[in-house]
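Q: pasting the sequence and the predicted model now:
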Amino acid sequence: MNQDEVVRLLVADASLNDAEMFISVLRNAGHAVRATRIEDDEDLRDTLSEHAFDLFLCSTELDSLGFADAAHIIQESGRDLPMLAVAGEDDQNRRREALQAGAQDMVCKSDLDHLKLVVRRELRHLGERRRLRRIEKALRESERRASALLDSSRDAIAYVHEGMHIYANPAYLETFGVDAFAEIEGMPILDMVDPDDQKAFKEVLRRFSQGDHSEPHASVSMTTGERLLPVHVSLSAATVDGEACTQILIREQSSDSELEAELDSLSRKDLLTGLANRTHFLDELRSVIAEAAADDDSSHGLLYIQVENLDGIRQTLGIAASDKTVTDVADLISAELEPDYVAGRFADDVLTVLLPHRSVHEAVALAEAIRQQVHDHIVQAGQHTVTTTCAIGALMVGETSPDADEAISRVHQACEVARNAGGNQVHLHATEDRNGSAGAAQRWRETIEDALQQNRFHLVYMPVASLSGDGSPRYEVRLRLRNEDGVDLMPGDFVPQAEDAGMMNQLDRWVVEHVLQALKRQAATDGATTLMVKLSGQTLADREFTTFLGARLKAHGVRGAALSFEVNEPVAVTQLNDAREAFRGIKELGCGFTLDHFGSSLNPFQLLKHLPADHLKLDRSLGRDLASNEKTQERVRSIIENAHAMKKHVIAGYVEDAMTMATYWRYQVDFVQGHFLHAPSPEMDYDFTGTVM
């Protein structure tokens, strides 16, 4: 349930003042409340028969209405109405009785902050249940309509699972001379294909079932009793009773086949831009969301690109000029796309891009590349020249993503954030309430503050070794949080939560302070050590950080060159102005600067015009199949050669095996890091002289 929706509140309390207090507390928490007060079971029954509510607060002190009776009345009404017990003071026995009677939780009048958190949680859960029911209803209706369409279709259509028939429509049965589906149910579709075509068709099916949908068509001959029928076969992903399967569409080969294909293609395209039209793009998005729901390891990007000032161009120069602007922007987008990307025209001034099986870094990098291309482009509209910009929203689609309509709504919201911030920028939609609890940010804030006070954070050091003769000791600093059980939590376990709680700036300052202490101790034995420290986006936005850094360097007597700060490329792209300011201050103090996750974008060196970093740390994705993938090898080699031409040093992180290490060495990478070399350690005791090659 959205925060700005009206909350229909039902209150059962003998005290009118207490009821008003609940309403006031919820309104102050940002809820628009419309309340109704009742006093007994008869009131409850009559009220539920006439009105629907979102939440029921029921006092434990009402003799006229017990929880068991209230729960029974709610069940009789058929309403989905979460009930909260409200007590004057906390009582474990009473809480247990309330939960057993059907209450979702018990809150105390003396702890109104807890009341707000519980109410927010229950309203969110109610909203999710309602949304799920709507989706299930829509799914049933869609399945009913799809079944009717399939049965009435003139095209021969079958569904197969693992190559076996699980459904065939009447046209399919008629085409192949089958009286009833039972005759072919469970039969391999290959049994109906001409033996000369079986090998090729089997390969098409195999690739499609493994997720390669680039060639979903085949031309084969299939048996219809005593004769062979030349047909075109089209494959598409489908589900039957919740199980993934493949839809097989059979059409007879004819002289009209090319015309049919052209008409089919035209039905999917926007006539002005040649991109996918809105309907086809939504179909592709639904397919990706369905795939993501079935595969918790898949990640897909979605971009929502709004061309700015298109109405002004139309009013000033006419429709032809605005159309030329849109087509130019569409061409710029198309030039940036990989073959498996899907670009569409979603509205007059909105273009969308779907990036299957891509990371957030790739999605943001593509968005920034498109934004820059549009910004630099000049549209020639007749005798006039036009320039424009675009605001871009980005969203990652994963296993927990909503349906296509909600995904579009969210990425549109991200685009609105970019527009409202001045336009000509990219905004990545951040999942609200990452841990599924309204109080998660506050609880993590308390956890992190307690860990800082109790000194439960500590640093570990991962060596960054030279492959080109520089034996100076370098380490990347990594942060660990020791929980109350004495177990170290990795950054992925607490950094996202710290970001949600707005505490990364505080953590980054803690790291800097303790790094400087470590460097001061290290200087007693080795004054040449360099430590590399990660900076968050929140710290980049802190204009006081470099002042703090300068003061702490001076206080500890540490030279700036002993520090190098790392910033993730996607963060730098989306916070470019902040990154520029931070970069300027860091370099004035003599510190180094590294761009991490480098190379994930289509044109990674564009960013170096604004942030001429000393070191470039390659994105992790470039090393995953480096030893075996020629395309990846070529990209890595090109990045390293270009970086060296620009006098930049390249760091290859996440080196996990000897083959990857050897490949990086062959391409003359400057530094390597990873578990193959050495795991993070609490001590800076790595022997760098043994790594130089």
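A: Cool, the structure landed. What you see is a predicted model, and the numbers here were worked out from it, not measured in a lab.
Q: the residue most distant from the middle of this structure, which is it?
A: The outermost residue of the chain relative to its centre, with distances by Cα atoms, centre = their mean, is Glu226 at 53.3 Å.
Q: who are the packing partners of the longest helix along the chain?
A: The longest helix of the chain (DSSP state H) is helix 112-152. Contact partners of helix 112-152 among helices and strands, from 3 or more Cβ pairs under 8 Å, 6 or more residues apart in numbering; DSSP states H and E: helix 16-28, strand 55-59, strand 83-87, strand 105-108. (Each C-beta comes from the backbone N, C-alpha and C, glycine too.)
Q: just to revisit the earlier point, ok, the residue farthest from the centre of the chain to Gly177 distance?
A: 9 Å (Cβ to Cβ, to the nearest Å).
Q: Ile189 now?
A: Distance from Ile189 to Gly177, by Cβ to Cβ: 16 Å.
Q: give me the more crowded residue out of these two.
A: Ile189 (20 against 12; other Cβ atoms under 10 Å).
Q: got the contact list for the residue nearest to that one when sequence neighbours are not counted?
A: Nearest residue to Ile189, sequence neighbours excluded (Cβ to Cβ, 6 or more residues apart in numbering): Val160, at 5.3 Å. By Cβ atoms under 8 Å, 6 or more residues apart in numbering, the contact set of Val160 is 166, 189, 245-246, 248.
Q: closest to Phe56 among these?
A: Cys245 (43.6 Å; Cβ to Cβ).
Q: got the angle between whichever strand or helix holds that closest one and helix 112-152?
A: Per DSSP states H and E: Cys245 is located in strand 243-252. Here the directions of strand 243-252 and helix 112-152 differ by 30 degrees (axes from the mean of the first three to the mean of the last three Cα atoms, to 10 degrees).
Q: which neighbouring elements make contact with strand 243-252?
A: strand 156-161, helix 195-209, strand 228-240.
Q: looks like Val655 contacts Leu677 (just checking).
A: Yes. Val655 is within contact range of Leu677, at 6.2 Å (criterion: Cβ atoms under 8 Å).
Q: ok, the closest residue to Arg45 other than its chain neighbours to Ser299 distance?
A: Among residues not flanking Arg45 along the chain, Ile73 sits closest, at 5.3 Å (Cβ to Cβ, 6+ apart). Applying Cβ to Cβ, the value for Ile73 to Ser299 is 46 Å.
Q: please name the bridge partners of Ser234.
A: His217, Leu249 (DSSP bridges).
Q: right, and it touches Ser219 too?
A: No. The pair Ser234 / Ser219 is not scored as a contact, 10.5 Å apart, by Cβ under 8 Å.
Q: compare neighbour counts for these two and give me the winner.
A: Counted by other Cβ under 10 Å, Ser234 and Ser219 do not tie: Ser234 has more neighbours, with 16 against 13.
Q: how about the contacts made by that one?
A: 216-217, 248-249, 251.
Q: residue nearest the centroid of the chain?
A: For the chain, the residue nearest the mean C-alpha position is Met396 (2.4 Å; Cα atoms, centre = their mean).
Q: count of residues packed around Pro680?
A: Residues near Pro680, counting by other Cβ under 10 Å: 16.
Q: ugh, wrong one, I meant Arg124
A: For Arg124, the count of nearby residues is 18 (other Cβ under 10 Å).
Q: per-residue confidence for it?
A: In this model, Arg124 is scored at 90, pLDDT.
Q: also Tyr159?
A: Looking at Tyr159, the pLDDT reads 91.
Q: if it is in a bridge, with which residues?
A: The partner residues for Tyr159, given DSSP bridges, come to Tyr167, Gln247.
Q: quick one, what contacts it?
A: 165-168, 238, 240, 245-248.
Q: what are the phi and psi values for the residue nearest to Leu611 when sequence neighbours are not counted?
A: Nearest non-adjacent residue to Leu611, counting by Cβ to Cβ, 6+ apart: Phe583, 5.4 Å away. Phe583 adopts backbone torsions of phi -60, psi -50, taken as degrees, to the nearest 10.
Q: can you give me the helices in the stretch 501-650 of the chain?
A: 504-523, 537-540, 545-556, 569-574, 576-588, 630-645 (DSSP state H, counting those that start in this stretch).
Q: most tightly surrounded among those helices?
A: helix 569-574 (a mean of 24; mean count of other Cβ atoms under 10 Å).
Q: in this structure Leu317 contacts His384, no?
A: Yes. In this structure Leu317 lies within contact range of His384 using Cβ under 8 Å: 5.6 Å.
Q: I'd like the next helix or strand past the helix or strand bottoming out on mean pLDDT in the chain.
A: Of all helical and strand segments in the chain, the minimum by mean pLDDT, DSSP states H and E falls on helix 257-266, at a mean of 55. With elements assigned by DSSP H and E, the helix or strand that comes after helix 257-266 is helix 278-294.
Q: rewinding a little: now rank the contacts of Ser234 by neighbours and give me the top one.
A: Neighbour max across the contacts of Ser234 (other Cβ under 10 Å) = Ile248, 22 neighbours.
Q: quickly list the domain ranges of the chain.
A: When the chain is parsed with automatic domain parsing, its domains come out as 6-133, 153-266, 278-428, 461-479+518-690.
Q: any idea of the mean pLDDT for the last one?
A: Same thing as domain 461-479+518-690. On average, domain 461-479+518-690 scores 88.
Q: for stretch 82-96, buried residues please.
A: 82-87, 94-95 (16 or more other Cβ atoms under 10 Å).
Q: quick check: end-to-end length of that stretch?
A: Using Cα to Cα, to the nearest Å, one end of stretch 82-96 lies 17 Å from the other.
Q: and for it, what's in contact with it?
A: Residues from elsewhere that reach stretch 82-96 (Cβ under 8 Å, 6+ apart): 13, 18, 22, 54-61, 67, 70-71, 74, 98, 102-111, 115, 118-119, 122, 125-126.
Q: from those, list the buried ones, please.
A: Applying 16+ other Cβ under 10 Å to the contacts of stretch 82-96 flags 13, 18, 22, 54-60, 67, 70-71, 74, 98, 102-109, 115, 118-119, 122, 126 as buried.
Q: fine by me, thanks again.
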